[in-house]
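S.K.: 3D model of this:
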Amino acid sequence: MTLKSKAGLLAALFAAATVGVNPAFADGKPRELNLHAKKYQQYFAQASSEFNVPVELLESIAYAETRWRHHVPKGQARKNGEPDVEVDPHGGMPPNYGIMGLRNDTHFGTSLVQAAGLIRERPATLISNTRANIRGAAALLAHHGARKTRAFPLEDWAQAVALYSGIPQPEIAQRYTYENFTAIRQEREAGDYKIRQRHVEMDKIYGRDKLKKLAAPRITIETGVPDPKISAPDFQSK
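M.R.: From the prediction side, this is the model:
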C-alpha cells in the first residue's frame, strides 16, 4: 500500500466517523431508542461492568465506528432481526466488523483477533454476535488501559482509545480520540444510538493550543509522508 493510499484511507476513516455529527436534541425533542439500541445499551453496561471500563467509551467508540449498526462481511447478513451493514473487503477501505468496528488488516491492525483471544471466542463469533463483539472490544480496551478502571477519570483513557483505533500515525489517532471524547462531552442521541453525557476535561488531554486546532471547523491531513500531520488552516495561535 502506498503512502498516498494510506493517507486516503485515513481521510476516508474520518469522513465516515464524523458524518452526521450533531448534538443531542437538535430539534428540541428527545429521541426514543429503538428496541435494538436498548438491547445494545444493556450489552454495553454488562461489558463495562465485566471488564471495568467506562461505559461511555464503549458507546462512543461504537458510535464513531458504526453508528451502533453491526457490520458483517458482504453476503453474510444475519437473520436475527438486528440491523446489519454489509462491508466489502474489496471496496478500497479495509472493513471493520461488528458494532465496535473491530479490524483485521495490515494497516489498522488485528483488533478482531486480539479481542477474540481475550474473551476466548473465535473471531467469527465476534463478527456474527453483537454481544460477543462488545465484550471483545471491552476486553481489548481494558488491555490497552493498562490496569485502569472505571474509577479513573475519562481523560486517563485517551491513550487506550488511541491504541484501540489501530491508527499508526499518532496525530491522526489523536483526532480519533478527540471525536470520541467530544461525543461524550456533548452527548449524541437518535433512535439508533445514545451516548450518555459526561464532563471531560479536554484541556487536560490535549492542551489548550492543540485543542483549538482539533476543534477547528476545517482541518487538512498531510499526504505523501510516513506520518501525516493534521493542521487547521484557520487556526492562529495567540
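S.K.: what about the closest residue to K148 other than its chain neighbours, is that helix, strand or coil?
M.R.: What sits nearest to K148 in space, not counting adjacent residues and going by C-beta to C-beta, 6 or more residues apart in numbering, is D156, at 5.9 Å. All C-beta atoms are positioned from the backbone trio N, CA, C, and that covers glycine. What DSSP: H, G, I helix; E, B strand; the rest coil gives for D156 is helix.
S.K.: now do D209
M.R.: For D209, the assignment made with three-state DSSP gives helix.
S.K.: How many neighbouring residues does it have?
M.R.: 11 (other C-beta atoms under 10 Å).
S.K.: And K74, by the same measure?
M.R.: Neighbour tally, K74, other C-beta under 10 Å: 12.
S.K.: could you pull out the strands for the protein?
M.R.: In the chain, the strands defined using DSSP state E lie at 70-73, 84-87, 96-97, 102-103, 188-189, 194-195, 220-221, 230-231.
S.K.: tell me what the first one is packed against?
M.R.: For strand 70-73, the elements it packs on are strand 84-87, strand 96-97, helix 123-128, judged by 3 or more C-beta pairs under 8 Å, 6 or more residues apart in numbering; DSSP states H and E.
S.K.: Columns distance to A139 and mean neighbour count on top of those, output as TSV?
M.R.: Listed next are the helices and strands packed on strand 70-73 as TSV, based on distance: least, C-beta to C-beta, whole Å; neighbours: other C-beta atoms under 10 Å:
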stretch	distance to A139	mean neighbour count
strand 84-87	22	15
strand 96-97	15	24
helix 123-128	10	19
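S.K.: That'll do, ta.
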